[in-house]
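Student: I would like to see how this sequence folds:
(chains A and B)
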2 protein chains.
Amino acid sequence: MSEASDTVVGLWKAMEARDWSALEGLLAPAFRAEFPQSGERFDREGYLRLNREYPGDWHIRLSSIVDGTECVVTEVEVDIDGRTERAVSFFHVREGKVTVLREYWPEPFAVPEWRRDLALRE
Amino acid sequence: MSEASDTVVGLWKAMEARDWSALEGLLAPAFRAEFPQSGERFDREGYLRLNREYPGDWHIRLSSIVDGTECVVTEVEVDIDGRTERAVSFFHVREGKVTVLREYWPEPFAVPEWRRDLALRE
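Tutor: Presented below is the predicted three-dimensional model:
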């Protein structure tokens, strides 16, 4: 794994452990997070507060990691209070610190009626 | 760009052009697509029908591409009948053909009440 991947794996471990000082140490001072679905943007302090103050208990499983030259992408499954959510996260990493995080939280959806017969059944 | 990235860019161009024979040529015979949000899985024929039969006109903008060793990830914005949707797609590519596609369609969401004061305002 690259140093960038190590940083991202470390971030998810710090998040799982609620180790806020480790998390802070992995974020660049000019860190920015963006949630395109809500339009929310956070600086480092806001992102740390977002996680510290999140109402609910969670457990994180890292299900895939794609290591590009300039960007690392992860898929995680997060068990929160009895439900499971998924996140897809794009991390830009420089010198061992995350500079930019763009993150999606795709929700389940019902199969549209018009394509009920197109999917595989097995 | 790698050959895998070329394949993925070609796939989005074929999709934008509704060039179904070009699209078919970029999918491996054992191609599988998966939409984790709905649990739908498609083989090559089902995926081609899904796109050919999709009810609506679309225009696709490729907004980012991350080229990992084994996987290429893209973010696209898709204008469909006056609204804009986003997709995040994980492509596994072998010998110039897509073997596996795992795709998410994250929907907009409202800012949760508890964190209204945490995001940046500028």
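
Student: burial measure for A:Ala14, as a count.
Tutor: A:Ala14 has 19 neighbours, counted by other CB atoms under 10 Å in any protein chain shown. Placement of C-beta: from N, CA and C, glycine included.

Student: where does it land in three-state SS?
Tutor: Of the three states, A:Ala14 takes helix under DSSP: H, G, I helix; E, B strand; the rest coil.

Student: that one and A:Val8, how far apart?
Tutor: According to CB to CB, to the nearest Å, A:Ala14 and A:Val8 sit 11 Å apart.

Student: close to chain B: what parts of chain A are there?
Tutor: A:36-43, A:46, A:49-50, A:53, A:55, A:64, A:66-73, A:75, A:86, A:88, A:90, A:104-111, A:114-115, A:118-120 (CB under 8 Å from any CB of the partner chain).

Student: just the ones of those residues in helices?
Tutor: If you go by DSSP state H, the residues of chain A next to chain B have A:Gly46, A:Arg49, A:Leu50 in helices.

Student: spit out the contact partners of the nearest residue to the last one once chain neighbours are set aside.
Tutor: Among residues not flanking A:Leu50 along the chain, B:Leu118 sits closest, at 5.4 Å (CB to CB, 6 or more residues apart in numbering or on different chains). Remark: with contacts taken as CB atoms under 8 Å, 6 or more residues apart in numbering or on different chains, B:Leu118 is in contact with A:Glu40, A:Phe42, A:Gly46, A:Arg49, A:Leu50, A:Glu53.

Student: what's the longest strand seen in chain A packed up against?
Tutor: Counting residues, the longest strand found in chain A (DSSP state E) is strand A:83-94. Secondary structure elements in contact with strand A:83-94, counted by 3 or more CB pairs under 8 Å, 6 or more residues apart in numbering or on different chains; DSSP states H and E, are helix A:3-16, strand A:72-80, strand A:97-104.

Student: buried residues in the helix or strand containing A:Glu34?
Tutor: Assigned by DSSP states H and E, A:Glu34 belongs to strand A:27-35. Using 16 or more other CB atoms under 10 Å in any protein chain shown as the test for burial, strand A:27-35 gives A:Leu27, A:Ala28, A:Phe31, A:Arg32, A:Ala33, A:Glu34, A:Phe35.

Student: return the member of the residues you listed nearest to A:Val100.
Tutor: For the buried residues of strand A:27-35, the closest approach to A:Val100 (CB to CB) belongs to A:Arg32, at 5.6 Å.

Student: and the residue nearest to that closest one when sequence neighbours are not counted, bridged to which residues?
Tutor: Among residues not flanking A:Arg32 along the chain, A:Val100 sits closest, at 5.6 Å (CB to CB, 6+ apart). Beta-bridge partners for A:Val100, by DSSP bridges, are A:Arg32, A:His92.

Student: of the ones in helices among the residues of chain A next to chain B, which is the most crowded?
Tutor: Highest neighbour count within these: A:Gly46, with 19 neighbours (other CB under 10 Å).
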